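Output the structure for:
(chains A and B)
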Amino acid sequence: MAKLQMQRVSICALKRDRKAVLEKMQKLGVMEVSSIEDEELERLDTQTARQSFDKKTNGIESALTILQTYAPAKTSMFDGLKGKDLIESDEFNPVIEDREEYLSASKKLISLEKEISEKKANISKTENQVEAIQPWLKLDIPMDYKGTQHTRTLIGTMAPLTTLEMVYTFIKEYDDSLDAVEVEIINQDKDATYLCVVCLREEADKVEEALRLNGFARPANPISQIPLAYEEELKADIRSYEKEIEDRISQVKEFESKRKGLKFVSDYYRMRKEKYEVLGTLPQSERTFFISGYIPKREVPKIQKAIGDVYTCIIDIDELGEEEEAPVLLDNSTFPSSVEGVVSSYGLPGKDDVDPSMVTSIFYVIFFGLMLSDAAYGLVVFLACFIVLKKFPRMGIEMRKSIRLFMYCGVSTTVWGVLFGGYFGDLISVVSKVFFNKEIIIKPLWFAPLDNPMKLLIFSMLFGVIHLFVGLGVKGYLCIKNKDIVGFVSDVVFWYMMLIGLILMLLPSQIFVSMSQMNIVFPPAINTLAKGLAIAGALGIFLMSGRSSKNFGLRLALGAYDLYNITGWVSDVLSYSRLLALGLATGVIASVINQMGTMAGKSVLGVIIFIFAFVVGHTFNLGINMLGAYVHTCRLQYVEFFGKFYEGGGRAFRPFTTNTNYVDLKED
Amino acid sequence: MSGLVWALLGAALAVILAGCGSAYGVGVAGQAAAGVVTEDPSKFAKVLLLQLLPGTQGIYGLLVAFITLSKIGLLGGQAADISMTTGLLICAACLPLAIVGLVSAIHQGRTSVASIGIIAKKPDQFGKAMLFPAMVETYAILALLISILAVSAIQV
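Next comes the predicted model:
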């Protein structure tokens, strides 16, 4: 349960050691660089170098994408879990020495891809031409054929559905004397009628004019070839483009062996870019340079040893100022650390917060289990997470934490399942009854929620009250830690008094009796005590809550307003009824599935249907209810619990380190 | 016997209304999610979770209907003899979830769409994005609770 304490470290070293010091820092990866502003000192301009590294990384990344497109590496669903490979420097360094070769390989790949896409564009262009020539295929003369000595040939299109008679009529209507005309309709489709008209050379202009007035148009780009031959030519072109594409693809495939090396080089340039980025922020004088930043206190000796003892330099360690917002790095033991992902997606602890991981993790696991509450589901979740954790030891740290959290949640789900008697819902009793004619019922260790929902409702709210009281307690702890005793008494103790008093008053009342069927009778002393506590607490809040205000009237008004927060408490507690609702949902849907599965009765077909319904149905139910349990457990933590004491808004610690995409380098 | 019609109507309404609401909610959220995935397929898992959130009302509807059906004996094959009053009681008990489920699923779907917008722009804010639709669901859960408690409290 801790935020690591940060310190500011400032190092002043000689410029000639600059490269070595920076590389060492990057390898250690324990310091977040945040340099001091100083007008007099110069900074190195690394813009060009950074851009060139960026360009190289991007080039290799596109080369890798191309390689993946044409020569896909086998991927499986679990690749995301594998994490980065651990690479010995013996394997890494030779590749880096040959980096020029890999860069030229990546350029070659990119140019191949460019050629392929050009060819593809050509193919689609040619295909369009083939398409355009289709209506003319029956024409057995070139499309720009002018005619013989005495005749002329007019080739063109008219409106669709034009018939031969119509064409002759058009010509006659224009000039009755035009007789020597031969019209042939070559083709007709929904866009146009395709014509070939032969007429005398002298009358050609008149005929064309006659047709033009009725919508005749010559083709835009007449081809000087017979359409059929032209089509053949185009198709041959397409085939040759296709062949060229295949050739380029096989060339791309030859680079497959370079995939691994390309990844290394990409990471190499990524690291160098990172280094140059830091380098660009460092102030330097003529012979020295300064580097300054945040470092967790416990890592300070490492820096001293690795840099202070090796190079000529001065290392200053300062405590952070009161106002300075330090970056946050959480450090927890195994169990609470698994909930860190949940905490950080709400917001890392801010300056005045404590790390809530410890308390949150306990309640998270308990509530998640209560919402899923099925022993068999819990076991499935636990085993799945356990196997994944064992099988992929190099999984990224964040992912590992989340999966570990679900593993714990699986255990808790099993425990609740045994308490409530859920094993795939009511699978055991249904199966034994339908298939073995003998009903076996496993008794719940505690009680079955569906038989007595009110009881679980009361307990859900009890868990809620405990959860909220712990939250208020943490707030009290914070007040004491900050030596704010007045705040502790008026914001925490008074609330405890009032709430406990109210609860004690509620327990013997009629409402509670009718809800829980439990008749609790307190001795009168406790009843008086309850009233006293509630009134004293309420008075305290009324008087003290607005203490920051100087104006006494306003102070009382603020106090009265704060008293109104009691409704907030009521709704917070009611919100925990979701523990019951979601728990019931799992069980009831599971029994719907079991019932459907066994509907076909005791037969071979029945067993097959049952197995099918079992696998599909329970997978669905587990999935949807895990989602529900995850979302609503988070909600209870974020809204109800964190609302009592936690601000969030801290900034994550981002050390200067080797940020690679594909490989982790093994330390020498 | 006519009570049975009312009881069945209640169960049917729970499934129909809550299911319609969820279908709408998951539908609009799915459209938004598909848009995000066209831009960046790596966000698939996150937007899928957000798309599924308005789907729970439909499941709650199923839940209430199932409890009701087993209460009136329609699942066991032997329908119970239910008076008019009991039938109406059961129907009324189903209504909270039916109506709240419908309305809340629609609104939750819209909130999911907005949250998917958060994921598109700031994928690291998933925790907060998930919270907004979950707030809407609270009321469906409260209605579910009352429906379950009421149905199981009615003596047949």
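
what's the burial count for residue 126?
As the question left the chain open, I've gone with chain A. Neighbourhood size, residue A:126 [other C-beta atoms under 10 Å in any protein chain shown]: 17. Yep, even glycine has a C-beta here, placed from its N, CA and C like the rest.

not what I meant, chain B
Residue B:126: 20 neighbours (other C-beta under 10 Å).

Name the helix or strand for it, please.
Applying DSSP states H and E as the criterion places residue B:126 in helix B:126-153.

Mean confidence (pLDDT) on that helix, please.
Here helix B:126-153 scores 89 as its mean pLDDT.

what's residue A:218 sitting at in phi/psi?
In terms of degrees, to the nearest 10, the main-chain angles of residue A:218 are phi -70, psi 150.

repeat for residue A:418
The phi/psi pair for residue A:418 (degrees, to the nearest 10) is phi -70, psi -40.

and the nearest residue to it once chain neighbours are set aside, how many neighbours?
Of all residues not flanking residue A:418 in the chain, residue A:375 sits nearest, at 5.0 Å (C-beta to C-beta, 6 or more residues apart in numbering or on different chains). By other C-beta under 10 Å, 21 other residues sit near residue A:375.

just residue A:127 next, same as before
14.

Just name whatever secondary elements the helix or strand containing it is in contact with.
Applying DSSP H and E as the criterion places residue A:127 in helix A:99-133. Under the contact criterion of 3 or more C-beta pairs under 8 Å, 6 or more residues apart in numbering or on different chains; DSSP states H and E, helix A:99-133 touches helix A:47-70, helix A:227-254, helix A:259-281.

model confidence over it, on average?
92.

Pull out the buried residues from that helix.
Neighbour counts using 16 or more other C-beta atoms under 10 Å in any protein chain shown place A:99, A:102-103, A:105-106, A:108-110, A:112-113, A:116, A:119, A:122-123, A:126, A:129-130, A:133 of helix A:99-133 among the buried residues.

What is the burial count for the closest residue to chain A within chain B?
Chain A sits closest to residue B:127 of chain B, with a gap of 2.7 Å, by C-beta to the nearest C-beta. For residue B:127, the neighbour count with other C-beta under 10 Å is 17.

Which residue lies closest in space to it, excluding its sequence neighbours?
Counting by C-beta to C-beta, 6+ apart, residue B:127 lies nearest to residue A:345, which is 2.7 Å off, once chain neighbours are set aside.

can you count the residues close to that neighbour?
Other residues close to residue A:345 by other C-beta under 10 Å number 18.

which residues does the residue lying closest to residue A:130 once chain neighbours are set aside contact?
Leaving aside its sequence neighbours, residue A:130 sits nearest to residue A:234 (C-beta to C-beta, 6+ apart; 5.0 Å). When contacts are counted by C-beta atoms under 8 Å, 6 or more residues apart in numbering or on different chains, residue A:234 touches A:126, A:129, A:130, A:133.

Just give me the closest of the residues you listed to residue A:647.
Distance to residue A:647 across these (C-beta to C-beta) is lowest for residue A:126, with 65.8 Å.

dump the residue contacts of the closest one.
Per C-beta under 8 Å, 6+ apart, neighbours of residue A:126: A:234, A:237, A:238, A:241.

could you redo the last one with a cut-off of 7 Å?
A:234, A:237, A:238 (C-beta atoms under 7 Å, 6 or more residues apart in numbering or on different chains).

Quickly find the element holding the residue nearest the centre of chain B.
With distances taken as C-alpha atoms, centre = their mean, residue B:57 lies nearest the centre of chain B, 1.1 Å away. Here residue B:57 sits within helix B:56-71, counting by DSSP H and E.

cool, residue A:318 as well?
strand A:313-319.

Which positions within that strand qualify as buried?
A:313, A:315.
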